[in-house]
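K.L.:
Structure of the sequence below:
(one chain, ligands or ions: 2)
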Amino acid sequence: MITRLSSYFVRTLREDPADAELPSHKLLVRAGYIRRVAPGIYSWLPLGLRVLAKVEQIVREEMDAIGAQEVRFPALLPREPYEATGRWTEYGPNLFRLQDRKQADYLLGPTHEEMFTLMVKDLYSSYKDLPLALYQIQTKYRDEARPRAGLLRGREFVMKDSYSFDIDDAGLEAAYARHRGAYIRIFDRLGLEYVIVQATSGAMGGSASEEFLAVSPNGEDTFVRSPGGYAANVEAVVRPLAEPVDASDVPAAHVEDTPDSPTIESLVALSNQRFPRPDRPWQASDTLKNVIFMLCYPDGTRRPLAIGLPGDRDVDLKRLEAAVAPAEVEPFGDADFEAYPALVKGYIGPAALGLGEAAGGESPAGQVRYLTDPAVVAGTRWITGANQPGHHVYDLVCGRDFSSDGVLDVAELRDGDPSPDGSGPLSLARGIEMGHIFQLGRKYAEALGLKVLDVNGKLVTVTMGSYGVGVSRAVAAVAESTHDELGLAWPRQLAPFDVQIVATGKDEAVFSAAEELAGQLSAAGIDVLLDDRKASPGVKFADAELLGMPTTVVVGRGLVDGLVEVRDRASGERADVPVAQAAAFVTAVVRG
Ligand code: ATP
Ligand code: MG
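P.N.:
Ligands and ions are numbered 1, 2, ... in the order given. This is a model prediction of the structure:
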């Protein structure tokens, strides 16, 4: 097929869109692949749709290859199944809810566990029907708090979601392993550099779970790796509790006057000046920092949470969000401090924190739930807030002088921190979540009553797996990892066209030679984009680089000498080829 740029529905832009920060977002808009309709909502133009279709096809082939069968559910769904599993509420503000003319509640599907479970329940009744794996490639809706980076985090996006159904745990593990293999092949074929990391299962529930992250400095996820092979999303890292310490020689706790020391830095400086230690200077890690957040639960309740952690660490918001999901995290504002007068901003200490006996609710004194870092264990000794302006307490010993309501590991991790499994120092990097596989277990089957008869004629609950690939996100992630300063640079397997032919100059002979070459390539089964526009060579070259087809053929000045120029977009390599051999040469390049 020959597609002529003179009539193709594409307009390239010289300016970056004002709302775009990441290169993939800027370039996909500038090169005429997508157009923004509303925050996190995009239209696909012909070029973009071709890339999306290629990603879909790769995903489809690999899902078919493991025996999964394609179906398609509606995006517009009734409330009842989501009510039965609790997700109508649990999804909170992320769910697009709407009503029909009879005021019946509906939603736009954010993911489809409920619908697949019910469909299988409808049609299957015996262990003989299992194992089963079903998938769809379909539009999902999530009212994301922070739609970002164009297709990377949309509010409407395309996902491949699949679900496995098995009679027992061994079956589920095998189904999970098959999906894992398929995902490896999918992300290899997409050409992404990725890591497989341990993950949390978020709003889904369930147990074993891994994510496929495309390694990218612009990714929203942070993961850690160790030389010994540990790899995890920071959200899923659980550091072991520190060893208890003998504190029998620590003096009794004493409150000191520490004016103007509301920050850790000022507190350490002042402590070294006024209360120097004999053995070594005070450090930030000797202080216990107590940070308060407001947790907002899906049912609308708001409850504060205090987190105590060593003063040299900050709370990692993403780790915290993952740990408290489905609650959302908000800052503890001035109005909140007014509502909790026992909390003295900048000088909060354990004495004002913790529910203790009142666990499960707030005590009359306005106590708030208090969770501490795994480093805060029995015998550790701290400088921390004394709950009076300008005062701190010294030699406050965990277990002796205070306790918390439990452990919460949400501190920021650092390069060099020990791996939780003892496999060496961690290093941190960022990635884009491309896929997520997990063993759901029986949560959905139980909630919706999906049971089949087993070999003994006994009804048993089916166990399920759930597996997602971000299909539209993949378009952006590949653009993010392959572009250069000139524009997009698609890998061959995803490019909208195999070849872009650029005819330059005013000479009729040039245009007819370009047409002829396009015809020959097209006859060989190659997808050709022919730039037959009456525009300057500079404009045409710049557009070819911006659009990013893997091979460009320039038919122009060289033609008088019987030559065309073949350019490789990714490497920049150029070769002059006799026009008579051009079709064969380009065909060989395209076929690899
Ligand atoms: P994230 O942590 O990025 O919000 P998630 O864990 O909520 O993603 P899943 O429910 O696991 O996502 O969805 C499966 C896949 O769908 C993800 O791995 C990701 O590739 C893709 N995806 C999820 N949310 C979005 C979105 N808002 N826009 C585009 N793709 C998305
Ligand atoms: Mg996920």
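
K.L.:
Tally up the residues packed near the residue in the stretch 351-500 of the chain that ligand 1 sits nearest to, please.
P.N.:
Proximity of the stretch 351-500 of the chain to ligand 1 (Cβ to the nearest ligand atom) peaks at G470, 2.2 Å away. All C-beta spots, glycine's among them, are computed from the backbone N, C-alpha and C. A count of nearby residues for G470, using other Cβ atoms under 10 Å, gives 26.

K.L.:
ditto for the one 10 residues further on
P.N.:
The criterion is other Cβ under 10 Å. On that basis, E480 has 26 neighbouring residues.

K.L.:
when you give positions from now on, start the count at 739
P.N.:
Done: numbering now begins at 739, and the last item shifts to E1218.

K.L.:
which ones are touching it?
P.N.:
Contacts for E1218 (Cβ atoms under 8 Å, 6 or more residues apart in numbering) come out as 760-762, 890, 952, 954, 956, 1170.

K.L.:
hang on, the earlier thing: can you tell me the closest non-neighbouring residue to the residue of the stretch 1089-1238 of the chain closest to ligand 1?
P.N.:
Closest residue to G1208 apart from its sequence neighbours, by Cβ to Cβ, 6 or more residues apart in numbering: M1172 at 5.7 Å.

K.L.:
same deal with S947?
P.N.:
Distances taken as Cβ to Cβ, 6+ apart place F1176 nearest to S947, at 3.4 Å, with adjacent residues excluded.

K.L.:
L1226 now?
P.N.:
G1286 (3.0 Å).

K.L.:
For the residue of the stretch 889-1038 of the chain found nearest ligand 1, what is the enclosing helix or strand?
P.N.:
As assessed by Cβ to the nearest ligand atom, ligand 1 sits closest to F895 within the stretch 889-1038 of the chain, at 3.6 Å. If you go by DSSP states H and E, F895 is part of strand 894-904.

K.L.:
Please compute how far that strand lies from its chain's middle.
P.N.:
Put simply, strand 894-904 sits 16 Å off its chain's centre (Cα atoms, centre = their mean, to the nearest Å).

K.L.:
Strand partners (parallel or antiparallel) of that strand?
P.N.:
strand 870-879 (antiparallel), strand 1201-1208 (antiparallel) (DSSP bridges).

K.L.:
so what's the residue nearest to S947 bridging to?
P.N.:
S947, S1204.

K.L.:
surely it meets E949?
P.N.:
No. Judged on Cβ atoms under 8 Å, F1176 makes no contact with E949 at a distance of 9.1 Å.

K.L.:
which stretches of the stretch 989-1138 of the chain form helices?
P.N.:
Secondary structure of the stretch 989-1138 of the chain by DSSP state H, counting those that start in this stretch: the helices cover 1002-1012, 1055-1062, 1072-1077.

K.L.:
Make TSV from those helices and add mean pLDDT and mean neighbour count to it.
P.N.:
What follows is these, written out as TSV (pLDDT from 0 to 100; neighbours: other Cβ atoms under 10 Å):
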stretch	mean pLDDT	mean neighbour count
helix 1002-1012	93	16
helix 1055-1062	93	18
helix 1072-1077	89	12
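
K.L.:
L1164 is nearest to which of those helices?
P.N.:
Of all these, it is helix 1055-1062 that lies closest to L1164, at 13.7 Å by Cβ to Cβ.

K.L.:
Now do the closest one: everything it contacts.
P.N.:
Contacts of helix 1055-1062 (Cβ under 8 Å, 6+ apart): 938, 940, 958-960, 972-975, 1031, 1033, 1043, 1045, 1066-1067, 1146-1150.
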